[in-house]
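No letters, just coordinates:
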């Protein structure tokens, strides 16, 4: 992961393709009632270092890279 994606002028990551093989789905029951809203959401890693959720098309949602 030495190659970081570009960042727009307002600070958002320009990458929309997740890292292959890092997609996972969250089980809401294991998280407890407070976080049940996350049940069934799919998450994947981005080369910038974040783990944002995925859209219905399998692309990463708009996100900002972590601060260093």
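Cool, got the structure. Computed from a predicted model, the values in this text were never measured in an experiment. Numbering: from 1, shown residues only.

rest of the way, CA atoms for contacts and neighbours
Fine.

Who are the contact partners of residue 15?
Counting by Cα atoms under 8 Å, 6 or more residues apart in numbering, residue 15 touches 5-6, 46, 60.

Between all of those, which two are at the greatest distance?
Farthest pair in these (Cα to Cα) is 6 and 60. Separation: 14.6 Å.

about what we covered before: narrow the contacts of residue 15 to those in helices?
Of those, none are assigned to helices by DSSP state H.

for those, which one is nearest residue 27?
residue 60 (19.3 Å).

buried set for the lowest-mean-pLDDT helix or strand in the chain?
Lowest by mean pLDDT, DSSP states H and E among the helices and strands of the chain is helix 28-31, with a mean of 85. Neighbour counts using 16 or more other Cα atoms under 10 Å place residue 28 of helix 28-31 among the buried residues.

moving C-terminal of it, what's the next helix or strand?
strand 42-43 (DSSP states H and E).

which residues are contacting that following strand?
So strand 42-43 is contacted by 23-26, 51-54 (Cα under 8 Å, 6+ apart).
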